[in-house]
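Student: Could you work out the structure for the sequence below:
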Amino acid sequence: MQLTKFLSYLLISSFILVGCSNDDDDTPTASALQVNNKQPLGSSANDLLSATKFTSITVEIVSVQGFEPSTTTINGFRDFLQDRLFKPDGITITQRSVPSSGKAPFTIEEIAEIENETRTLFNEDGNITVYVYFADGSREDDTNEQVTLGSAYLNTSMVIYEGTLLALNTRPNSPALSTIEIATLNHEFAHLMGLVDLGSPIQSPHEDVDDEGEPNNHCNVSNCLMEAAIQFGSGMMGMGDVIPELDPQCIADLQANGGR
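Tutor: Numbering: from 1, shown residues only. Predicted structure coming up:
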C-alpha cells in the first residue's frame, strides 16, 4: 500500500508486553538465566544505568538477512550508551544475521516469539544483556498516516522495524538511514533505562499525556529524544540529519537512578 505524505514527523512508540512467557526448556540453569531477562519494561533501569550489580553490558543485535544496521548506526548507538551508562568493564555490541521468520507485519507477541527462538545471551556474572531484533517488516497496526519505527517491550528487549525504516528512507528529502536507525535505537533504549517515569522516577514534571490526559511515558519537552513523536530537524521532509538528544530533565532522571 502506497504511503500518503508522511506529515512532518516520525512516530516512535513503545509497548509493554505483560505476563509470563512459556518456557519449554527442561534445563534448570537455562530457565534461571532467562527469567531475569523476561521482566516488565523499565524494571532493569538501574541495572542498565549503574555499575552496582552489573559492571558490563552486551547488546545482542539479531538482524534478518539484508536488514542489518550500518556501521555508522552501530557507532552512533555505542556513543549514546557510553554517554549514559556506568559500565567500567565495557560495552560490547554483537551482531549476527538470521533468516526471515516470514511473519511480517508483526504483532509484539510474534516479536517476543522470535526472541525466544533467536536470543542466545542472558544476564550472567556481572554482565547484563540486551536483545535487539532488526525485523524485515512493519508493525501490524501501522496506518498510512502513522507508523511505528521501534518498540521496547520487556526489561532488556526491543525491536526495530527495519522494513519500515527502509521504506521511509526511499522518500524524497528523507534523513539518512543511519540517522533514523540511531534515533530509533536511542529512543527505545531510553525506555529500557526507565524513561519517562518507567523505572527511573521523574525528578521534575515533564511527562507527556495522551489524548485522554493519561501519562504515556514520553517527554513533553519540544525536540527531546523522548517525545512521543520525535522530530528530525524541521521534520521528515527536507530536514537534514540532526539526531534528537535527551533534554536536561530526562538526563536528570537517569542520573538520579545511577546513570551518567
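Student: Please name the nearest non-neighbouring residue to Gly258.
Tutor: Of all residues not flanking Gly258 in the chain, Ser50 sits nearest, at 2.9 Å (CB to CB, 6 or more residues apart in numbering). To be clear about C-beta, it is placed using only N, CA and C from the backbone, and glycine gets the same treatment.
Student: Count the residues that sit near that neighbour.
Tutor: 18 (other CB atoms under 10 Å).
Student: now swap in Pro201 and tell me
Tutor: Pro201 has 11 nearby residues by other CB under 10 Å.
Student: Touching, Ile180 and Leu166? I think so.
Tutor: No. The pair Ile180 / Leu166 is not scored as a contact, 9.3 Å apart, by CB atoms under 8 Å.
Student: Comparing the two, which residue is more hemmed in?
Tutor: Ile180 (27 against 15).
Student: Report the separation between that one and Leu168.
Tutor: 7 Å (CB to CB, to the nearest Å).
Student: Then Asn123?
Tutor: Relative to Leu168, and taking CB to CB, Asn123 is found at 34 Å.
Student: for Ser97, same thing?
Tutor: Counting by CB to CB, the gap from Ser97 to Leu168 is 22 Å.
Student: And those two? Which one has more around it.
Tutor: Leu168 (18 against 13).
Student: In the one helix or strand the more buried one maps to, which residues are buried?
Tutor: Remark: Leu168 resides in helix 162-169, with elements defined by DSSP states H and E. Going by neighbour count (16 or more other CB atoms under 10 Å), the buried part of helix 162-169 is 162-165, 167-168.
Student: With stretch 201-219 instead?
Tutor: In stretch 201-219, counting by 16+ other CB under 10 Å, buried: 202-203, 206-208, 216-219.
Student: do the same with stretch 78-85
Tutor: Buried residues in stretch 78-85 (16+ other CB under 10 Å): 80-81, 84-85.
Student: what does stretch 57-66 give?
Tutor: 57-64.
Student: what residues does it touch?
Tutor: With contacts defined as CB atoms under 8 Å, 6 or more residues apart in numbering, stretch 57-66 is touched by 48, 69, 74, 77, 81, 85, 87, 90-101, 118-121, 127-136, 162.
Student: same question, stretch 93-102
Tutor: Contacts of stretch 93-102 (CB under 8 Å, 6+ apart): 58-65, 68-69, 74, 77-78, 110, 114, 118, 121, 136.
Student: Would you map the strands across the chain?
Tutor: Taking DSSP state E as the criterion, the chain carries its strands at 10-11, 56-64, 91-98, 127-134, 150-154, 157-160, 207-209, 215-219, 229-230.
Student: Counting by contacts, list what the last one packs against.
Tutor: When you say that, I think you mean strand 229-230. Strand 229-230 sits against strand 10-11, with contacts defined as 3 or more CB pairs under 8 Å, 6 or more residues apart in numbering; DSSP states H and E.
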